[in-house]
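Engineer: return atomic coordinates for the entry below.
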Amino acid sequence: MERRFEGKTIVITGAAGGIGRSTAERFAQEGASVVAVDLPGSGLEDTVALVEAAGASALAVPADVSRSSDVERYVQAARARFGGIDCFFNNAGIEGWIGPTTQYPEEMFDKVIAVNLKGVFLGIKHVVPAMLERGSGAIVNTASIAGLTGTPSIFAYGASKHAVVGMTKSAALEFGPLGIRTNAICPSPIETRMMRALERGINPDEPEQVHQQMAAGNPMGRYGEPGEVAALVAFLCSSEASYLNGGIYPIDGGRMAR
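Structural biologist: I've put the predicted structure just below:
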């Protein structure tokens, strides 16, 4: 595999999850040092093991992305261990409650907004100064096709991902002139824990039926794989994407083409 990120450092939030972990492995295979960020007890050690097995250096930083002090800590850890940050996969997110909006728990709404929206904001706020020290950088935010269309049953999640799309465009305009590109990916459906949770939320008795229906309704007849998302993130962070800034990229098998 081409080593496009030799000598580079990437910070990945949500690094213990399917997409985050796969992206960490992909960047490691391409030569990057990886700072893996996720909640304590989430399985970061497995991500670090994958990175190291690929021959790259890794640093695990347990953190809550919705807390400014934790975000500052993972940025400082990246600076201390690797000298700075070149790429940032602003990926951490939760699906929240699944069900009728009129029954949506207020405390869960607040939690989803804190992780999916405030966490993305805090990441940009604290990572950009580190990138400016390098003179350039690439940020990829994880939105969702739920940020491009209506999303019944996952009200807070959809609202948060629409906001991520908006923040991506604003960041691209603000930081593009400074040499920092910002783009967003909009995945779905992908073979991840989050999709399993969504399937169970829609039909607790027969989640596999939901899986089959969603796959059949996709033009490609299947869910995507985390590695396919990782490939897009790697491209957007690479020099090959040097003129891509402010883009919103669905990775959904053509679902949004309907």
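Engineer: helices of this protein, start to end?
Structural biologist: 18-29, 44-53, 68-82, 106-113, 119-134, 155-175, 193-202, 207-216, 226-237 (DSSP state H).
Engineer: mind listing what's buried in the third one?
Structural biologist: Buried residues in helix 68-82, defined by neighbour count with 16 or more other Cβ atoms under 10 Å: Asp70, Val71, Arg73, Tyr74, Val75, Ala77, Ala78, Arg79, Phe82. Any C-beta I mention is one placed from the backbone N, CA and C, and that applies to glycine too.
Engineer: quick check: the fifth one vs Ser144, distance?
Structural biologist: Applying Cβ to Cβ, to the nearest Å, one obtains 25 Å for the distance of Val75 from Ser144.
Engineer: hang on, Ala77 packs against Leu59?
Structural biologist: Yes. Look at Ala77 against Leu59 with Cβ atoms under 8 Å: they come within range, at 6.2 Å.
Engineer: now the common contact residues for the two.
Structural biologist: Each of Val35 lies in contact with both Ala77 and Leu59 under the rule Cβ atoms under 8 Å, 6 or more residues apart in numbering.
Engineer: with respect to Thr9, which of the helices of the chain lies nearest?
Structural biologist: Judged by Cβ to Cβ, the one of the helices of the chain that comes nearest to Thr9 is helix 68-82, at 4.2 Å.
Engineer: which residues touch Asp70?
Structural biologist: Under the criterion of Cβ under 8 Å, 6+ apart, the neighbours of Asp70 are Ala63, Asp64.
Engineer: same thing with Phe175?
Structural biologist: Val128, Ile139, Arg181, Thr182.
Engineer: pLDDT value on it, please?
Structural biologist: With respect to pLDDT, Phe175 scores 98.
Engineer: same question for the one 3 residues further on.
Structural biologist: Leu178 carries a pLDDT score of 98 in this model.
Engineer: tell me if I'm right that it and Leu132 touch.
Structural biologist: Yes. At 6.3 Å, Leu178 counts as touching Leu132 under the criterion of Cβ under 8 Å.
Engineer: number of nearby residues for the spatially closest residue to Pro187 that is not a sequence neighbour?
Structural biologist: Nearest residue to Pro187 in three dimensions, chain neighbours excluded: Ile251, at 4.8 Å (Cβ to Cβ, 6 or more residues apart in numbering). Other residues within reach of Ile251, judged by other Cβ atoms under 10 Å, total 19.
Engineer: Ile251 reaches Ile185, doesn't it?
Structural biologist: Yes. Ile251 sits in contact with Ile185 when judged by Cβ under 8 Å, with a separation of 5.8 Å.
Engineer: what touches both of these two?
Structural biologist: In terms of Cβ under 8 Å, 6+ apart, Ile251 and Ile185 are both contacted by the residues Val229, Leu232.
Engineer: worst-scoring helix or strand of this protein, pLDDT-wise?
Structural biologist: Least confident helix or strand, the chain: helix 193-202 with a mean of 81, by mean pLDDT, DSSP states H and E.
Engineer: mind listing what's buried along it?
Structural biologist: With burial defined by 16+ other Cβ under 10 Å, the residues of helix 193-202 counted as buried are Met194, Met195, Leu198, Glu199, Gly201, Ile202.
Engineer: ok now stretch 48-67, how far from the chain's centre?
Structural biologist: Using Cα atoms, centre = their mean, to the nearest Å, we find the averaged C-alpha position of stretch 48-67 to lie 14 Å away from the chain's own average C-alpha position.
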